[in-house]
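Asker: sequence below, structure please.
(chains A, B, C and D)
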2 protein chains.
Amino acid sequence: MPRPHRPTIIDVAHAAGVSKSLVSAALRGDAGVSADSRRLVEQAAARLGYRTNGWAQRLASGRSNLVGVLLTDLRNAYHTDIVNGIEDAAAEAGYGVILSHGRNDPGILRARLADLVGLGVDAVIAVTARLGERDLADVAGRLPLVVVGRPATVPDTAGWISNDDETGARLAVEHLLSAGHTRIAYLYASDRPAAVARRDSYRATSGATGLEFDERDDGIRRLVDAVRSPAGPTAVFTANDRLAVSLLARAADEGIDVPGDLAVVGYDNTELAELMRPGLSSVDQPREWMGRTAMRHVLSMLGGEAPQRDIAEPTLVVRASSRSSDDRPGAGGHGATLGSRPARCGE
Amino acid sequence: MPRPHRPTIIDVAHAAGVSKSLVSAALRGDAGVSADSRRLVEQAAARLGYRTNGWAQRLASGRSNLVGVLLTDLRNAYHTDIVNGIEDAAAEAGYGVILSHGRNDPGILRARLADLVGLGVDAVIAVTARLGERDLADVAGRLPLVVVGRPATVPDTAGWISNDDETGARLAVEHLLSAGHTRIAYLYASDRPAAVARRDSYRATSGATGLEFDERDDGIRRLVDAVRSPAGPTAVFTANDRLAVSLLARAADEGIDVPGDLAVVGYDNTELAELMRPGLSSVDQPREWMGRTAMRHVLSMLGGEAPQRDIAEPTLVVRASSRSSDDRPGAGGHGATLGSRPARCGE
DNA sequence: CTGAAAGCGCTTACAG
DNA sequence: CTGAAAGCGCTTACAG
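Answerer: Below is the predicted model of the structure:
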């Protein structure tokens, strides 16, 4: 494909019989260009198949009108709504969005963050907890950076949409307590801040039964074994849905009835939670809102305001996996309609 | 944050006491720059915290070394391995990757495709079947475009990594036939080319039993009802895993045993297939390979070669959802180790 | 409302 | 192996 000399604004100017700056002004939609001139320019541009050269535009204007979004990985359904929220808010403000992901690897994450900055975006939203303060601070010193999630620390030069893991875990455990469970376990698989916060809140709420299982140490198997013993747990709160789903599979394999023998509550309320049988109770986060809010922070920082912090309030969605038999509605365990709003929280 | 005059190569040149072009050459890693000069320049650059301005570089060089990747949506786990394949091949060739997604909406998809082109990437890989030939041809006339998937038509100005849906469906149905099933149903939810190709191949292989169910027309419910009738299906092949999972949930709700009452085989072998109980048999596609191959096509087109077409050969992964009781191995239904390679296909 | 000039920060030939 | 010049295609003031 011998690129046939892509037309420039000079070509359009010639074709329209006007000056180059008029073309620029007209194309940018600058007010103060007569309707006639504008039409003239637009027609000439269309006739020549003119497309503005983004690199030149950005070099000359000094702004890209682009925000880079960095995701921990592509696999996590949790990200989707956040990205949509960001994109909607960005589009409303005339910004484009560039996506990148770190394959769940801190090294790759760091490299992608650098790529994004090198690309020349105006700001970055990092939807990940796996970036160190050093890396975050480095970028935040250069351009507006907003973190979505719960890393160990976020430099105060960056904006931050934080999870309220304490409340989320409390909602889950209180729900199980109010269903009569007294021996509630916690299943986790990492020492990341969110998992630790959930655990601490679990301990404070459940009365620290000592029933904690680390999947990195074969926790699911040990948990399932424990369920069979007399003083074993009758319910479990897991650090995320992924773990809960693996647990459900194992329980099914081992003939353990959920919720009969073991009630289960997960975290994140991903698409999976609704598809599983039994349906998985899970703590939901306002993901769309988190995305929109992150973009709002970006815009305010771009406008020169200081970085802020916002906290996302979780809610609990109850499904069959934690429903006691006496309040089980009908056959299935759908319950998607249940408790998707804060209303259910305190119950 | 008062941007403190970001240093340019001119600043670096002054600091290093050399000319601006030497800085450019050294920074680009141009051979033919003495080791001493290079060190001098690099040190000065590091000292000043110099970062190359991507927009200027791309404007001046005329290339971005960036390929845009457009995904149907972010939710589909199917995409992940493809993207990884693309990124690995791109990195090896010195290219960066920019991600975009269309939220499963043809209009948004089209807009994002235009955004990518407007951004100024060197080439585009469209991992979607939801773009019309018009849109594809429009882009393919401008820069190298490679399509991954199975749209209705792909202009021959574009490269193409196509699914072999015929073979995939045949593998699934033959597997069910060889397990003794004679009344095999097909469950689908769209008329997209891939679904149609799978259906046609299903018909040809299964002997067209007429047991076809469209989920847009309450197909899952009707299928489950049919299973209970004397001449109802004893097995079903679904157009994708998502449908299969919904079916498994419904079957569980209705007390239908899988695979006892109904054997199920899905398509795509997403992560879900392995997590479900019973584990879901599914047709696998070589996603990583598809991504790498797409990038290889891009590079060859960038090198002036004509667009080509490649076909991805599917394989079948058998899990508990379609395993007859006499060959069920032990308790569970994991079987992730089974048939993940072509070896199993012909059986 | 319109036009000529300078400049954004690089790279690309092209002399030395 | 190194330096001065021109140019990539826009935008931004700034006169008219």
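Asker: for A:Ile125, pull up the helix or strand it's in.
Answerer: strand A:123-127 (DSSP states H and E).
Asker: any idea which helix or strand comes after that strand?
Answerer: Next element after strand A:123-127 (DSSP H and E): helix A:133-140.
Asker: excluding covalently adjacent residues, which one is nearest to the residue of the stretch 101-250 of chain A found nearest chain B?
Answerer: Nearest residue of the stretch 101-250 of chain A to chain B, counting by Cβ to the nearest Cβ: A:Gly120, 4.4 Å away. Heads up, the C-betas are built off the backbone N, CA and C, glycines and all. Leaving aside its chain neighbours, A:Gly120 sits nearest to B:Gly54 (4.4 Å; criterion: Cβ to Cβ, 6 or more residues apart in numbering or on different chains).
Asker: equivalent analysis for A:Arg228, please.
Answerer: A:Ile256 (7.8 Å).
Asker: the one you found: what secondary structure?
Answerer: Three-state call for A:Ile256 (DSSP: H, G, I helix; E, B strand; the rest coil): coil.
Asker: got it, and the one 10 residues further on?
Answerer: The local conformation at A:Gly266, judged by three-state DSSP, is strand.
Asker: what distance do you get for it to chain B?
Answerer: 13 Å (Cβ to the nearest Cβ, to the nearest Å).
Asker: wait, what's in contact with that residue?
Answerer: A:Thr238, A:Asn240, A:Asp241, A:Leu243, A:Ala244, A:Val245, A:Ala273, A:Leu280, A:Ser281, A:Ser282, A:Val283, A:Ser321 (Cβ atoms under 8 Å, 6 or more residues apart in numbering or on different chains).
Asker: what's A:Pro259 sitting at in phi/psi?
Answerer: Phi and psi for A:Pro259, reported as degrees, to the nearest 10, are phi -90, psi 0.
Asker: A:Gly94 now?
Answerer: Dihedral angles of A:Gly94 (phi, psi; degrees, to the nearest 10) stand at phi 80, psi 20.
Asker: secondary structure element for A:Arg199?
Answerer: Applying DSSP H and E, one finds A:Arg199 within helix A:193-206.
Asker: report the mean per-residue pLDDT for that helix.
Answerer: What helix A:193-206 shows for mean pLDDT is 95.
Asker: what's in contact with that helix?
Answerer: By Cβ under 8 Å, 6+ apart, helix A:193-206 touches A:129, A:149-152, A:163, A:165-170, A:172-174, A:176-177, A:184, A:186, A:188-189, A:212, A:237, A:239, A:267.
Asker: give me that answer again for 6 Å
Answerer: For helix A:193-206, contacts defined as Cβ atoms under 6 Å, 6 or more residues apart in numbering or on different chains pick out A:150, A:152, A:163, A:165-166, A:169-170, A:173, A:184, A:186, A:188, A:237, A:239.
Asker: make TSV from those residues and add neighbour count, secondary structure and pLDDT to it.
Answerer: As requested, those are exported to TSV (neighbours: other Cβ atoms under 10 Å in any protein chain shown; DSSP: H, G, I helix; E, B strand; the rest coil; pLDDT from 0 to 100):
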residue	neighbour count	secondary structure	pLDDT
A:Arg150	22	coil	94
A:Ala152	12	coil	91
A:Asn163	23	strand	93
A:Asp165	25	helix	97
A:Glu166	16	helix	97
A:Ala169	29	helix	97
A:Arg170	21	helix	97
A:Val173	24	helix	97
A:Ile184	22	strand	96
A:Tyr186	28	strand	97
A:Tyr188	24	strand	97
A:Phe237	33	strand	98
A:Ala239	27	coil	97
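Asker: close to chain B: what parts of the stretch 51-200 of chain A are there?
Answerer: A:54-56, A:58-59, A:74-75, A:80, A:83, A:96, A:98-99, A:115, A:118-120 (Cβ under 6 Å from any Cβ of the partner chain).
Asker: try 8 Å
Answerer: Residues of the stretch 51-200 of chain A lying close to chain B (Cβ under 8 Å from any Cβ of the partner chain) are A:51-56, A:58-59, A:64, A:66, A:73-75, A:77, A:79-80, A:83-84, A:96-101, A:103, A:115, A:117-120, A:141, A:143-144.
Asker: just the buried ones from those, in ChimeraX syntax?
Answerer: Buried subset of these, written as a ChimeraX selection, criterion 16 or more other Cβ atoms under 10 Å in any protein chain shown:
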select /A:53,54,55,56,58,59,64,66,73,74,75,77,79,80,83,84,96,97,98,99,100,101,103,115,117,119,120,143,144
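Asker: which of the residues of the stretch 51-200 of chain A next to chain B fall in strands?
Answerer: Those of these mapping onto strands are A:Leu66, A:Gly96, A:Val97, A:Ile98, A:Leu99, A:Ser100, A:His101, per DSSP state E.
Asker: surely the third one touches A:Val69?
Answerer: Yes - look at A:Val97 against A:Val69 with Cβ atoms under 8 Å: they come within range, at 5.7 Å.
Asker: what touches both of those two?
Answerer: With Cβ under 8 Å, 6+ apart, A:Val97 and A:Val69 have common neighbours A:Val83, A:Ile86.
Asker: picking that back up, out of the ones in strands among the residues of the stretch 51-200 of chain A next to chain B, which one sits closest to DNA strand C?
Answerer: A:Leu66 (16.6 Å; Cβ to the nearest atom of the strand).
Asker: A:His297: neighbour count?
Answerer: Using other Cβ atoms under 10 Å in any protein chain shown, A:His297 is surrounded by 27 other residues.
Asker: next one: the helix or strand where it lies to chain centre, how far?
Answerer: Using DSSP H and E, the element containing A:His297 is helix A:287-302. Here helix A:287-302 is found 12 Å from its chain centre; the criterion is Cα atoms, centre = their mean, to the nearest Å.
Asker: next SSE downstream of that helix?
Answerer: strand A:309-312.
Asker: quick one: contacts for the closest residue to A:Arg287 other than its chain neighbours?
Answerer: Using Cβ to Cβ, 6+ apart and skipping the chain neighbours, the partner closest in space to A:Arg287 is A:Asp81 (3.6 Å). If you count contacts by Cβ under 8 Å, 6+ apart, A:Asp81 has them with A:Arg287, A:Glu288, A:Gly291.
Asker: what pLDDT does the first one get?
Answerer: A:Arg287 is assigned a pLDDT of 97 by the prediction.
Asker: and it, how many neighbours?
Answerer: A:Arg287 has 23 nearby residues by other Cβ under 10 Å.
Asker: now, among the contacts of A:Asp81, which is nearest to DNA strand C?
Answerer: Nearest to DNA strand C among the contacts of A:Asp81, with distances taken as Cβ to the nearest atom of the strand, is A:Gly291, at 31.6 Å.
Asker: A:His175 is in contact with A:Val318, correct?
Answerer: Yes - counting by Cβ under 8 Å, A:Val318 does reach A:His175; the two are 6.7 Å apart.
Asker: quick check: closest non-adjacent residue to A:Asp261.
Answerer: A:Val227 (5.9 Å).
Asker: just the CA trace of the strand or helix carrying that neighbour, in CSV.
Answerer: Element membership for A:Val227, per DSSP H and E: helix A:219-228. Output of helix A:219-228 as CSV, limited to C-alpha atoms (Å, rounded to 0.1, in the frame of the first residue of the first chain):
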residue,chain,number,x,y,z
GLY,A,219,-6.6,-23.8,52.5
ILE,A,220,-9.6,-25.0,50.6
ARG,A,221,-8.8,-28.6,51.2
ARG,A,222,-8.2,-28.0,54.9
LEU,A,223,-11.3,-25.9,55.2
VAL,A,224,-13.4,-28.7,53.6
ASP,A,225,-11.9,-31.2,56.0
ALA,A,226,-12.6,-28.9,59.0
VAL,A,227,-16.3,-28.6,57.9
ARG,A,228,-16.6,-32.3,58.6
